[in-house]
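A.B. asks: Starting from these lines, generate the structure:
(chains A and B)
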There are 2 protein chains.
Amino acid sequence: MKSSLHFLVAARQHEMAALEQLGKACALVVAMSGLVHALQKERGLSNMVLASGGAQGTELLAPQRLQVDAQMANVRDELDRLGPHPSGASGARLCNAIAYTLQGVAALPALRAQVQAGRLTPPACTDAFARLIAGCLAVVFEAADSANEPEISRMLVALFHLMQGKELAGQERACGTSAFASGQLQPPARAQWLHLIESQERCFEVFASLATASVLVLWQAHVAGDTDMAAVERMRRVAHTAAGCRLSRSGSADWFAACSHRLDALHGVETLVAQELQVLCLHKLQAQQQALAALQALPPGAEPAEAGAEGREGGMAFFEASAPPDAWSLDAVGAPALGRDILSLVQQQSQHLQTMQSQIHEAKTALHERKTLERAKGLLMAQHQLSESDAYQLLRQTAMNQNKRMLEVAEAVLAMAALVPAVPAANERR
Amino acid sequence: MKSSLHFLVAARQHEMAALEQLGKACALVVAMSGLVHALQKERGLSNMVLASGGAQGTELLAPQRLQVDAQMANVRDELDRLGPHPSGASGARLCNAIAYTLQGVAALPALRAQVQAGRLTPPACTDAFARLIAGCLAVVFEAADSANEPEISRMLVALFHLMQGKELAGQERACGTSAFASGQLQPPARAQWLHLIESQERCFEVFASLATASVLVLWQAHVAGDTDMAAVERMRRVAHTAAGCRLSRSGSADWFAACSHRLDALHGVETLVAQELQVLCLHKLQAQQQALAALQALPPGAEPAEAGAEGREGGMAFFEASAPPDAWSLDAVGAPALGRDILSLVQQQSQHLQTMQSQIHEAKTALHERKTLERAKGLLMAQHQLSESDAYQLLRQTAMNQNKRMLEVAEAVLAMAALVPAVPAANERR
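C.D. replies: Predicted coordinates for the structure are as follows:
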């Protein structure tokens, strides 16, 4: 027969098992950050080789590919360590994102062969790498979404937005490099470029709103003090205000170099977040272990006898303790009185679990808002054959016209799509 | 080295492990439904014994207590079967609710001794049993909240609201019995009685909105056709429109009998929901087992070689498949093309997981709204020394004045409390 102490301990053990899993997921996220950075470098060099017909970057590409392979080996080690994941839907989504990414990794040799043979344009190459990196970011997203500890969850959500913003900065590098190299900035490329700037700034805003104080110091040094960031901003202005949309072809190399340094600086911030994340996981696990040990050290006498307690002093404590009108919201229970032992521990733990749930919900709001916006954008792109930036502008303009948040408009778009799977207007346009 | 097929299978295994756990939690909920019904009967008889000074109900009370003990033994069997629960915060909350309820069960002998000795008033006895039953309902709430399968989740949320409404009907029985027995209906008792009617109707509305077609048929027969329900409605009217608030003392026994029959009828509906729930769990588990077996039967050749695929036909499929702008929202991916094997399975599974997540979110909305309202109500009661019905009226009136939903007002109340832990005005009132 299991006692209430048994279930009190079991509740703590669940929290600890979840923390251990989360620690492994965090280690995977850290490895993913390294892999993404290496892939971004390989993408930049691959584009350089493709754009120059093999005249530039070739000697750097082979070692960079080895770098990617080494980072991938790290990721595989972490995957092997993952072990049995937290069960349930969030564990399933994480596994599925991993499966998707491994498909992309398996296809990387074919992509490299195409680059080697010069059979891809730089934009097609950029897209292919972006898709693989998007898979890696999907793993980070699901790891953040499955986190059940508020502080770790908050840090993972911050890291995801930093990585996503950095990837958009990487795509901006490719976009600008092509524009400078072609000597002009046509309206479609201009719109895409502006969209990439705006999207990465949204990501960085979320990141900065969730980052710890120490990370923020490094971040602000990057935003305000970095000479490469200043160079990027200057070249952005030059490109977007150029008379007759004409750009100096020589700007291409400078732009590429400044953007590359900027990506390295962003990776530096990422590395600091990753370090703090691993320390935090360790601290949380130690605290949880101590709490569990304290519970397990309770004398058996702390548990009231389960039967035959008729007439015992204090046997009515359960019915007399201050309790909320509905005990299933146990969290509203007041401070526990002395001598109530297990009951007061149960009430304390309820309060702790409720607080955690609220805080986790708060930390993940940014994640769910982002997912909703992206899904609505993807739906509009598919239904109306819009570009990403046009779909985004449509959402934004509708929100402004209706005096609503973009999130509300996005939710309405998705709700309507669920009701009307095939929109006639969209089909006619095809 | 783990392949993408490995993680695709792992994703399914997580779903299945979660379903197995959910099946056990459902069995526990079914046992809880039996225990709550037995406790409600013991409460009714205990009140009868207390109110009559031992003249009535004594011979029925002892067998009913044995009935409760038998139901509790059922619950303990299910607790022993629970095994390692789904890890993480929802598993921890379920365990904690169980620990709380077991504390109440351990205190039951002391409560019975007080009843035996005639040392309790009927209202105090009602409150004590209500607290224990609230613990049982907390277990049902957490089981519903931890469910990760949309149909099962929906049915558990429906069952929770039915059980909660039935418990409020049980409290209404006690409240009306006291009023009839005292020969009058004073304003405080009148307000409490009306609040119990209104609250149970809100619960039953949610229940009916989520119930299956077959359950609805039985439910509507109860609401519309049941003679006991008609008797309850007639006596409610008589009590609340009585001239000079004077009631006929002889109404007490009739009221008790009609309400008791009504509780039995509600338990009949509960039993049907419980049966459907167990059949559904079985079906879902079988479907999941088949899907997993199909995945595991895939020939190893379905997995593309992870390396050395340079130049292979189809090696670029990953980069060419229609994909969303951000692959971490994989669900926007279109119908999979033939011959893409694992990749298309990953995409199908992503879509399935995304759909499940949305549907689960929808099913749980009622649960979270209820929890928010109850928490806000509890907070107002504690801060302003209000009765439950006054706190509820305050929330409702504020919502009407501000033209908002009660949920929004409740959220604002909780958000403010988080910012201002000790409200001066509330302290001054104490």
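A.B. asks: hey, let's count contacts and neighbours off CA atoms from now on
C.D. replies: OK.
A.B. asks: And stretch A:384-402, what's buried?
C.D. replies: Across stretch A:384-402, burial judged by 16 or more other CA atoms under 10 Å in any protein chain shown covers A:384, A:386, A:387, A:388, A:389, A:390, A:391, A:392, A:394, A:395, A:396, A:399.
A.B. asks: what is the rounded mean pLDDT of it?
C.D. replies: Averaged across stretch A:384-402, pLDDT comes to 85.
A.B. asks: cool, stretch A:231-245 as well?
C.D. replies: For stretch A:231-245, the per-residue pLDDT values average out at 89.
A.B. asks: Tell me how many other residues crowd residue A:179.
C.D. replies: Residue A:179 is flanked by 24 other residues according to other CA atoms under 10 Å in any protein chain shown.
A.B. asks: An error on my part: the question was meant for residue A:182.
C.D. replies: By other CA under 10 Å, the residues close to residue A:182 number 15.
A.B. asks: ok, the nearest residue to residue A:380 once chain neighbours are set aside - contacts?
C.D. replies: Among residues not flanking residue A:380 along the chain, residue A:391 sits closest, at 5.9 Å (CA to CA, 6 or more residues apart in numbering or on different chains). Residue A:391 sits next to A:377, A:378, A:380, A:381 when contact means CA atoms under 8 Å, 6 or more residues apart in numbering or on different chains.
A.B. asks: Among those, which one has the most neighbours?
C.D. replies: In those, the most neighbours by other CA under 10 Å go to residue A:377, 29 neighbours.
A.B. asks: Next SSE downstream of the helix or strand where that residue lies?
C.D. replies: Using DSSP states H and E, residue A:377 falls within helix A:342-384. Sequence-wise, the next helix or strand downstream of helix A:342-384 (DSSP H and E) is helix A:388-402.
A.B. asks: By residue count, which helix of chain A is the longest?
C.D. replies: For chain A, the longest helix by residue count, based on DSSP state H, is helix A:4-51.
A.B. asks: right, and the helix or strand after that helix?
C.D. replies: Later in the chain than helix A:4-51, the nearest helix or strand by DSSP H and E is helix A:58-82.
A.B. asks: What is that following helix packed up against?
C.D. replies: helix A:4-51 (3 or more CA pairs under 8 Å, 6 or more residues apart in numbering or on different chains; DSSP states H and E).
A.B. asks: ok, 10 Å please
C.D. replies: Under the contact criterion of 3 or more CA pairs under 10 Å, 6 or more residues apart in numbering or on different chains; DSSP states H and E, helix A:58-82 touches helix A:4-51, helix A:89-116.
A.B. asks: could you give the angle of the strand or helix carrying residue A:254 to helix A:4-51?
C.D. replies: Using DSSP H and E, residue A:254 sits in helix A:251-296. Angle, helix A:251-296 to helix A:4-51, by axes from the mean of the first three to the mean of the last three CA atoms, to 10 degrees: 170 degrees.
A.B. asks: immediately after helix A:251-296, which helix or strand?
C.D. replies: From helix A:251-296 onward toward the C-terminus, using DSSP H and E, the following helix or strand is helix A:317-320.
A.B. asks: buried set for that following helix?
C.D. replies: Neighbour-count burial for helix A:317-320 flags A:317, A:318, A:319 (criterion: 16+ other CA under 10 Å).
A.B. asks: Using JSON lines, lay out those together with pLDDT and distance to chain B.
C.D. replies: Output for the buried residues of helix A:317-320, formatted as JSON lines (pLDDT from 0 to 100; distance: CA to the nearest CA, whole Å):
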{"residue": "A:317", "pLDDT": "81", "distance to chain B": "8"}
{"residue": "A:318", "pLDDT": "84", "distance to chain B": "6"}
{"residue": "A:319", "pLDDT": "84", "distance to chain B": "5"}
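A.B. asks: Could you chop chain A up by domain?
C.D. replies: A:4-287, A:349-429 (automatic domain parsing).
A.B. asks: tell me the most buried of those?
C.D. replies: Ranked by mean neighbour count, the domains of chain A are led by domain A:4-287 with a mean of 20 (mean count of other CA atoms under 10 Å in any protein chain shown).
A.B. asks: Distance-wise, check residue A:142 relative to residue A:91.
C.D. replies: 8 Å (CA to CA, to the nearest Å).
A.B. asks: Name the residues contacting each of the two.
C.D. replies: Listed as contacting both residue A:142 and residue A:91 by CA atoms under 10 Å, 6 or more residues apart in numbering or on different chains are residue A:97.
A.B. asks: Around chain B, pick out the residues from the stretch 101-250 of chain A.
C.D. replies: Contact residues (CA under 10 Å from any CA of the partner chain) of the stretch 101-250 of chain A with chain B: A:101-114, A:117, A:124-125, A:127-142, A:146-149, A:164.
A.B. asks: what about 7 Å?
C.D. replies: Listed as neighbours of chain B in the stretch 101-250 of chain A under the rule CA under 7 Å from any CA of the partner chain: A:102-104, A:106-107, A:109-111, A:113, A:128, A:131, A:134-135, A:137-138, A:148.
A.B. asks: which sections of chain A are below the confidence cut-off?
C.D. replies: Scanning chain A for pLDDT under 70 picks out A:1, A:84-89, A:299-314, A:321-340, A:416-430.
A.B. asks: Output the domains of chain A in a markdown table, with distance to residue B:281 appended to each entry.
C.D. replies: Output for the domains of chain A, formatted as a markdown table (distance: least, CA to CA, whole Å):
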| stretch | distance to residue B:281 |
| --- | --- |
| domain A:4-287 | 15 |
| domain A:349-429 | 26 |
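A.B. asks: still on that earlier bit, Throw the buried residues of stretch A:384-402 into a markdown table and include distance to residue B:42, thanks.
C.D. replies: Listed next are the buried residues of stretch A:384-402 as a markdown table, based on distance: CA to CA, whole Å:
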| residue | distance to residue B:42 |
| --- | --- |
| A:384 | 64 |
| A:386 | 66 |
| A:387 | 67 |
| A:388 | 65 |
| A:389 | 66 |
| A:390 | 66 |
| A:391 | 63 |
| A:392 | 62 |
| A:394 | 63 |
| A:395 | 59 |
| A:396 | 61 |
| A:399 | 58 |
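A.B. asks: Identify, from these, the entry nearest to residue A:76.
C.D. replies: Comparing these against residue A:76 with CA to CA places residue A:388 closest, at 32.6 Å.
A.B. asks: What are the neighbouring residues in contact with that closest one?
C.D. replies: By CA atoms under 7 Å, 6 or more residues apart in numbering or on different chains, residue A:388 lies in contact with residue A:381.
A.B. asks: Tell me how far it lies from residue A:401.
C.D. replies: From residue A:388 across to residue A:401, the span is 20 Å (CA to CA).
A.B. asks: Need the residue closest to the centroid of chain A.
C.D. replies: Central residue of chain A (CA atoms, centre = their mean): residue A:160, 2.5 Å from the mean position.
A.B. asks: In contact with it: list those residues for me.
C.D. replies: The contact partners of residue A:160, taken as CA under 7 Å, 6+ apart, are A:140, A:141.
A.B. asks: so which strand or helix has it?
C.D. replies: helix A:150-182.
A.B. asks: and the helix or strand following that helix, how far out from the chain's middle?
C.D. replies: Using DSSP H and E, the helix or strand that follows helix A:150-182 in sequence is helix A:187-210. Put simply, helix A:187-210 sits 16 Å off its chain's centre (CA atoms, centre = their mean, to the nearest Å).
A.B. asks: list the helices and strands the next helix or strand after helix A:187-210 packs on?
C.D. replies: Downstream of helix A:187-210, the first helix or strand assigned by DSSP H and E is helix A:213-220. Applying 3 or more CA pairs under 7 Å, 6 or more residues apart in numbering or on different chains; DSSP states H and E, one finds that helix A:213-220 contacts helix A:251-296.
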